[in-house]
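Asks: Model the structure of this input:
(one chain, ligands or ions: 1)
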Amino acid sequence: MQPVKIKDDIYWVGAVDWDIRNFHGYTTQRGVTYNAYLIIDEKITLIDTVKGQFCDEMIQRISQVVDPGEIDYIISNHVEMDHSGSLPKLMEIAQGATVITSPRGQQGLKAHYKKDWNFRAVNSGDTLNLGKRSINFVLTPMVHWPDNMVGYLAEDKILFSNDSFGQHLASSERFDDELPLQIVLQEAKKYYGNIVLPYGRQVAKALETVAGLDIEIIAPSHGVIWRSHIPEIVELYKKWSANETEDIAVIVYDTMWNSTEKIAYAIQAAFEAKGIATRMRNLKTNHISDIMTDVVTAKYICVGSPTLNNNMLPTVAAFLTYLKGLAPKNRKGLAFGSYGWGGQSVALVENVLRECGFDLFEQIKVEYIPDEGLLSEITDKLKGEIGA
Ligand code: FEO
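Replies: Model (predicted):
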């Protein structure tokens, strides 16, 4: 459990959660890290803590650099407990420490832990002097909670970006150039799709604010630290936050007796005929949080369900609830499905896609089993709707 030196007198002292496979509903096949950073200056400063159960791991790492009882400042960039969960125990050790946080952070930490710690609230533009260094704060509300803020250490050109630019990726490597870049970017995309996607406007504003900063290192609160691929991840965040999409159709469905699946593949044939890449996502074999990775850049979102008990299948309802909450914009939707009688599912799916604000293709609704002729008609009609 070694601390990792990032620059002189600046260390990663977080924790690696190799075993977690579900982070509030988001599947984390590669595990998670909770990053905390220690700065040794005239004022000894810790930036964020770790999830409560990993507190001892963090304290052991800190202890190899400095006595944790000597910490002067604990900067809490975010109240969510994966970052603040170790505060109660740490504050018993670092009894003289001041908790530096946003006004909403102060409110949130008091509500979470019911402790009368020594707080200092900071706002955008405020500076905290550490001795040879100072940290400038920028509040970034709703990236991911109302209390979020980031800190910029000007002397070392490090942006402590909290949830922004994070990835759920457990590793012993700490930097972006120590792992295959495609894996890091894929996990950053999944993280964006499942955590940050609803807050595109706020992300764009935060990107504008930090655009003028000279940044050598972005140190997020999850995953590896960016030092070699900052232009790439910043460019991707600009694109994702603007809801810029690519010519990709994600076709999400569940099926009872394979009729809805047949329609899904007829839809795929139409997109492929038009040169549009497709992603077939059967909800029996794909987790909704993995599908959100596709949604980040997919222009077309097609969702299919047969009718069951006058409704859509529960798996499809779960996906649509998740999709609507994550609020992607500027997409085009298509509802489809088969039915025997009743046939309510397609309209119900379409209603949710409409509530998402998507433009819509004409819905595709088939009684019982579509034969080859009908499937060809579906493909041809949709090709016409997709256009040139
Ligand atoms: Fe990593 Fe919003 O907590």
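
Asks: tell me which parts of the stretch 101-250 of the chain are close to the ligand?
Replies: His144, Trp145, Asp163, Ser221, His222 (C-beta under 6 Å from any ligand atom). C-beta coordinates here come from the backbone N, C-alpha and C atoms, glycine included.

Asks: which stretch of helix or strand covers the first one?
Replies: Right, the one you point to is His144. Counting by DSSP states H and E, there is no helix or strand that carries His144.

Asks: And the pLDDT at it?
Replies: Per-residue pLDDT puts His144 at 87.

Asks: what about Ala219, which helix or strand?
Replies: Per DSSP H and E: Ala219 is located in strand 217-220.

Asks: for Glu173, same thing?
Replies: Here Glu173 is assigned to no helix or strand, by DSSP H and E.

Asks: what helices or strands is the strand holding Ala219 leaning on?
Replies: strand 4-7, strand 158-162, helix 230-241 (3 or more C-beta pairs under 8 Å, 6 or more residues apart in numbering; DSSP states H and E).

Asks: now those as TSV including mean neighbour count and mean pLDDT?
Replies: Below are these laid out as TSV (neighbours: other C-beta atoms under 10 Å; pLDDT from 0 to 100):
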stretch	mean neighbour count	mean pLDDT
strand 4-7	16	98
strand 158-162	26	96
helix 230-241	17	96
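
Asks: on that earlier part again, just flag the most distant two among the residues of the stretch 101-250 of the chain next to the ligand.
Replies: Trp145 and His222 (14.4 Å; C-beta to C-beta).

Asks: Same drill for these two, tell me which one is more crowded.
Replies: Taking other C-beta atoms under 10 Å, Trp145 and His222 do not tie; His222 has more neighbours (26 against 17).

Asks: Not including adjacent chain positions, what is the nearest residue to that one?
Replies: Gly166 (3.6 Å; C-beta to C-beta, 6 or more residues apart in numbering).

Asks: Now do the SS call for the one you found.
Replies: Three-state call for Gly166 (DSSP: H, G, I helix; E, B strand; the rest coil): coil.

Asks: Does it touch Ser221 like I think?
Replies: Yes: counting by C-beta atoms under 8 Å, Ser221 is a contact partner of Gly166 at 5.9 Å.

Asks: May I have the least confident helix or strand in the chain by mean pLDDT as CSV, with CA atoms only?
Replies: Scoring the helices and strands of the chain by mean pLDDT, DSSP states H and E places helix 200-211 at the bottom, with a mean of 88. Provided in CSV are the C-alpha atoms of helix 200-211 (Å, rounded to 0.1, in the frame of the first residue of the first chain):
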residue,chain,number,x,y,z
GLY,A,200,-23.8,18.4,-20.4
ARG,A,201,-24.6,22.1,-20.0
GLN,A,202,-22.8,22.3,-16.7
VAL,A,203,-19.8,20.3,-18.1
ALA,A,204,-19.6,22.7,-21.0
LYS,A,205,-19.6,25.7,-18.6
ALA,A,206,-16.9,24.0,-16.4
LEU,A,207,-14.8,23.3,-19.5
GLU,A,208,-15.0,27.0,-20.5
THR,A,209,-13.9,28.0,-17.0
VAL,A,210,-10.8,25.8,-17.0
ALA,A,211,-10.0,26.4,-20.7
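
Asks: Report the angle between it and helix 230-241.
Replies: 150 degrees (axes from the mean of the first three to the mean of the last three C-alpha atoms, to 10 degrees).

Asks: tell me which strands and helices helix 200-211 is in contact with?
Replies: strand 134-139, strand 149-153, helix 230-241.

Asks: Report the separation between Pro328 and Leu46.
Replies: The gap separating Pro328 from Leu46 is 36 Å, by C-beta to C-beta, to the nearest Å.

Asks: Looking at the two, which one has more neighbours?
Replies: Neighbour comparison, Pro328 and Leu46: the larger count goes to Leu46, with 26 against 23 (by other C-beta under 10 Å).

Asks: can you give me phi and psi for the more buried one?
Replies: Main-chain dihedrals, Leu46, degrees, to the nearest 10: phi -110, psi 130.

Asks: how would you label the nearest residue to it once chain neighbours are set aside: helix, strand or coil?
Replies: The shortest distance from Leu46 to any non-neighbouring residue, by C-beta to C-beta, 6+ apart, is to Ile74 (4.9 Å). Put simply, Ile74 is strand when judged by three-state DSSP.

Asks: where does the protein have low pLDDT?
Replies: The chain contains residues with pLDDT under 70 at 388.

Asks: per-domain residue ranges of it.
Replies: Using automatic domain parsing, the domain ranges for the chain come out as 4-241, 249-385.
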